[in-house]
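Student: what follows is a predicted protein model with its sequence.
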Amino acid sequence: MLGFGRALLADGSAVSARAADLVFASPVVDMLGLLTMDWPKLYGWFRKPAEFTEPDFRRLEGSGVSIFHPAVEAGGKDPAATARRWINGWNALVAANPCYLARATRVADLEQAGRLGKLAVVVGFQNSAHFEGAEDVARFHAMGQRVSQLTYNDANRLGSGNHARPDRGLTAFGGRVVAEMNRVGMAIDVSHCGERTAADAIEQSKQPVLITHANCKRLAPTTHRNRSDGLIRRMAKKGGVMGITVVRAFVGGRSPGVDDVLDHFDHVARLVGVEHVGLGSDVSHDAVDPETGRAKPPYAIRGLNLETRVFQLTEGLLARGYSESDVELMLGGNFLRVLGEIWGEETGGRDGGGGREGRRDPFCPAPKAVGRDGRRP
């Protein structure tokens, strides 16, 4: 098989060597990518970082994702305390595993992590309720937060989430937070915001605004979480990027398959250009039923294996006629470019640089890659 242009993946499946080579030569950014959805395991890593071992790293490496944005909602009775615990947990986990993980607060960190064969972690939140005053933006930025979704599903002091009725738009306090995020270089995310709140944020922001994880309302109109063509156009006009999810309800249809996910990439690319679409899968490789080994119902997409989703989506995009350079943009180049602009840095090129070129630290395990020689991760 491997001699006929196919590459074997970690789960035993195969994709074209062209798709595999492209994934491992590119910085792959999942702007809502979780290292695990086994929350006891994750919090165990936070408490005892040494419990994150090489097999954990290898499985994540084999997924094809090299840059993760594992954002959660900072909620509870004290959102600020919740947010501090989350950031401290990631800082501890990354610091204790320098061969495997890299804390990313600059685009240069993302690019260097790829060259060294490490997985980069961008810390963010799916709610900004932990900002009790606009001055808190700078405090959390100093701790390492680089992305913040303005609201989760419901309303908060900044504005209305997609479940809130009516959507009252961005509040005066929300406007002050947006301005402060622009000032310090923190990316604004409107994935869960109501339509009016999201549009207000895009209009008031002086920097591009992200939709890190959502799909297209034109293709799947029954969920409030998907984004309208008008909002996607506003986002793109400001220079933003939208990450496509593999959440079943957001893909749409009774029994959505891989082609239905790809349709959302196509729709954004045709609507506003390939430079404004990326990946925000909103899942982890292990969101599976332990008894059946199949994806849990919210993530059950026909033909899609969560562990190798990046390779399958890459192969599908290539099959639809996208050039390798355009697929590189969708895999991660677009998000690296826009993060560089928001964070006040320049990236290494059209694809952002930072593909997995080989680990330089001789004391760390050598990175594995899938390539035309048939090596498997």
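Tutor: Sure, I can see it.
Student: so which bits of the lowest-mean-pLDDT helix or strand in the chain are buried?
Tutor: Ranked by mean pLDDT, DSSP states H and E, the helix or strand of the chain with the weakest confidence is strand 6-8, at a mean of 87. When burial is assessed from 16 or more other CB atoms under 10 Å, strand 6-8 yields the following buried residues: 6-8. Where C-beta positions appear, they are placed from N, C-alpha and C, glycine not excepted.
Student: do stretch 308-326 as well
Tutor: Buried positions in stretch 308-326, judged by neighbour count with 16+ other CB under 10 Å: 308-318, 322, 324, 326.
Student: how about the nearest residue to residue 222, chain neighbours excluded?
Tutor: Leaving aside its sequence neighbours, residue 222 sits nearest to residue 252 (CB to CB, 6 or more residues apart in numbering; 7.2 Å).
Student: the one you found reaches residue 215, doesn't it?
Tutor: Yes. Taking CB atoms under 8 Å as the contact criterion, residue 252 and residue 215 are neighbours in contact, 7.4 Å apart.
Student: thinking again about what came up before, looking at the buried residues of stretch 308-326, which are in strands?
Tutor: Assignment to strands by DSSP state E places none of the buried residues of stretch 308-326 there.
Student: can I get these in TSV including distance to residue 257 and pLDDT?
Tutor: Shown next, in TSV, are these (distance: CB to CB, whole Å; pLDDT from 0 to 100):
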residue	distance to residue 257	pLDDT
308	15	94
309	13	96
310	17	97
311	16	97
312	11	97
313	12	98
314	16	98
315	14	97
316	10	98
317	15	98
318	17	98
322	19	98
324	24	97
326	22	98
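Student: tell me the one of those nearest residue 227?
Tutor: residue 313 (19.1 Å; CB to CB).
Student: and the gap between the closest one and residue 95?
Tutor: As defined by CB to CB, to the nearest Å, residue 313 lies at a distance of 32 Å from residue 95.
Student: near the residue nearest to residue 222, how many other residues are there?
Tutor: Each residue near residue 252 was counted by other CB atoms under 10 Å, and the total is 21.
Student: torsion angles phi and psi at it?
Tutor: Comment: the main-chain dihedrals of residue 252 come out as phi 90, psi 160, following degrees, to the nearest 10.
Student: can you show me the strands along the stretch 1-150 of the chain?
Tutor: Using DSSP state E, counting those that start in this stretch, the strands of the stretch 1-150 of the chain run over residues 6-8, 14-16, 29-30, 67-68, 101-103, 119-121, 124-125, 147-149.
Student: of those strands, which stretch is the most buried?
Tutor: Comparing the strands of the stretch 1-150 of the chain by mean neighbour count (mean count of other CB atoms under 10 Å), strand 29-30 comes out on top with a mean of 30.
Student: which elements pack onto that one?
Tutor: With contacts taken as 3 or more CB pairs under 8 Å, 6 or more residues apart in numbering; DSSP states H and E, strand 29-30 sits against strand 67-68, strand 277-279.
Student: confidence score at residue 275?
Tutor: pLDDT recorded at residue 275 is 98.
Student: so it is in contact with residue 336, correct?
Tutor: No. Residue 275 sits out of contact with residue 336 when judged by CB under 8 Å, with a separation of 11.9 Å.
Student: which one's more surrounded, the two?
Tutor: residue 336 (28 against 18).
Student: is it true that the more buried one touches residue 109?
Tutor: No. In this structure residue 336 lies outside contact range of residue 109 using CB under 8 Å: 11.2 Å.
Student: the helices in this protein, which residues?
Tutor: Assigned by DSSP state H, the chain shows helices spanning 17-25, 39-47, 54-62, 79-96, 107-115, 136-143, 172-184, 195-204, 229-237, 248-251, 258-272, 309-319, 324-328, 334-343.
Student: and these, which one is worst for confidence?
Tutor: Across the helices of the chain, the lowest-scoring stretch is helix 107-115, with a mean of 89.
Student: grab the nearest non-local neighbour of residue 118.
Tutor: Leaving aside its chain neighbours, residue 118 sits nearest to residue 102 (4.5 Å; criterion: CB to CB, 6+ apart).
Student: ok, residue 71 touching residue 149?
Tutor: Yes. In this structure residue 71 lies within contact range of residue 149 using CB under 8 Å: 6.9 Å.
Student: joint contacts of these two?
Tutor: Here residue 71 and residue 149 share the contacting residues 124-126, 189, 212, scored by CB atoms under 8 Å, 6 or more residues apart in numbering.
Student: on that earlier part again, of the buried residues of stretch 308-326, just say which sits nearest to residue 82.
Tutor: Relative to residue 82, the closest of those is residue 309; by CB to CB it sits at 29.0 Å.
Student: circling back to that earlier point, from the shared contacts of residue 71 and residue 149, which two are the most distant?
Tutor: Based on CB to CB, the longest span within those runs between 125 and 212 and measures 11.1 Å.
Student: what do the two both touch?
Tutor: In the contact map built from CB under 8 Å, 6+ apart, the residues linked to both residue 125 and residue 212 are 71, 147, 149.
Student: report the separation between the first one and residue 251.
Tutor: Think residue 71. Applying CB to CB to residue 71 and residue 251 gives a distance of 20 Å.
Student: likewise for the second one?
Tutor: As defined by CB to CB, residue 147 lies at a distance of 23 Å from residue 251.
Student: partners of the least confident helix or strand of the chain, with directions?
Tutor: Applying DSSP bridges, strand 6-8 is found paired with strand 14-16 (antiparallel).
Student: name the residues that touch the strand it pairs with?
Tutor: Against strand 14-16 from outside (CB under 8 Å, 6+ apart): 1, 5-9, 308, 311-312, 314-315, 318.
Student: contacts only, for residue 263.
Tutor: residue 219.
Student: how about stretch 237-256: buried residues?
Tutor: Of the residues in stretch 237-256, those buried by neighbour count under the rule 16+ other CB under 10 Å are 238, 240-252, 256.
Student: picking that back up, kindly compare burial across the helices of the chain and name the winner.
Tutor: Across the helices of the chain, the average number of neighbours (mean count of other CB under 10 Å) peaks for helix 334-343, which reaches a mean of 25.
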